[in-house]
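[1] how would this look folded up:
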Amino acid sequence: PSPPTMAPTVQVSAISIQPEGPCPIDAELKLAIDYAIDGPLTNARWELRYIADHAHKRHVIDLGKTDVSPLAAGEHNFTRSVSDFGVSGLKKSVVMNVGLFLAVLFDGDEEVIQVSMVTQVMEKDGTIMRLVLNPLE
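    Okay, here's the model as predicted:
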């Protein structure tokens, strides 16, 4: 049998999260990731998720995915807008914890890289606010 092929290496060079700073949790989020891969991906797709952790339960909210397409080796840019974090149906006690916003690049069913952005959630003047932290800063 042939040896298993190694997944290409991904190097993330820049991440932009808009708006910067605290904003209402249901505000639109714009994400841009600049990255390079050292080999081709034949069935590449990005998936976005938000994870709200509670003491006894983890809520994973699917925030969308891109269509599957081939990616050549080299530099790329992934941009996506998320209109809502999808937490409106969750109890306030679940939402009011530190969460995790994830952008995951797959090749087929194989995870190539996961970009994890810690999300602080707080209440200010009766409004639930979020602050998505850039892992490169």
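[2] centre of the chain versus the helix-or-strand element of the chain with minimal mean pLDDT, how much separation?
    Among the helical and strand segments of the chain, the one scoring lowest on mean pLDDT, DSSP states H and E is helix 92-95, with a mean of 84. Computed by Cα atoms, centre = their mean, to the nearest Å, the chain-centroid distance of helix 92-95 equals 20 Å.
[3] From the chain's centroid, how far away is the next helix-or-strand element following it?
    Later in the chain than helix 92-95, the nearest helix or strand by DSSP states H and E is strand 99-107. In terms of Cα atoms, centre = their mean, the centre of strand 99-107 is found 4 Å from the chain centre.
[4] For the biggest strand by length in the chain, buried residues please.
    Longest strand in the chain, counting residues (DSSP state E): strand 110-124. For strand 110-124, the neighbour count (16 or more other Cβ atoms under 10 Å) marks 112, 113, 115, 117, 119, 121 as buried. C-beta here means a position set from N, CA and C on the backbone, and glycine is covered the same way.
[5] Could you figure out how far the helix or strand following it is turned away from strand 110-124?
    Downstream of strand 110-124, the first helix or strand assigned by DSSP H and E is strand 127-132. Relative orientation of strand 127-132 and strand 110-124, computed by axes from the mean of the first three to the mean of the last three Cα atoms, to 10 degrees: 140 degrees.
[6] ok, so what distance separates residue 33 from residue 19?
    To residue 19, residue 33 is 17 Å away according to Cβ to Cβ, to the nearest Å.
[7] which one of these two has more residues nearby?
    residue 33 (22 against 14; other Cβ atoms under 10 Å).
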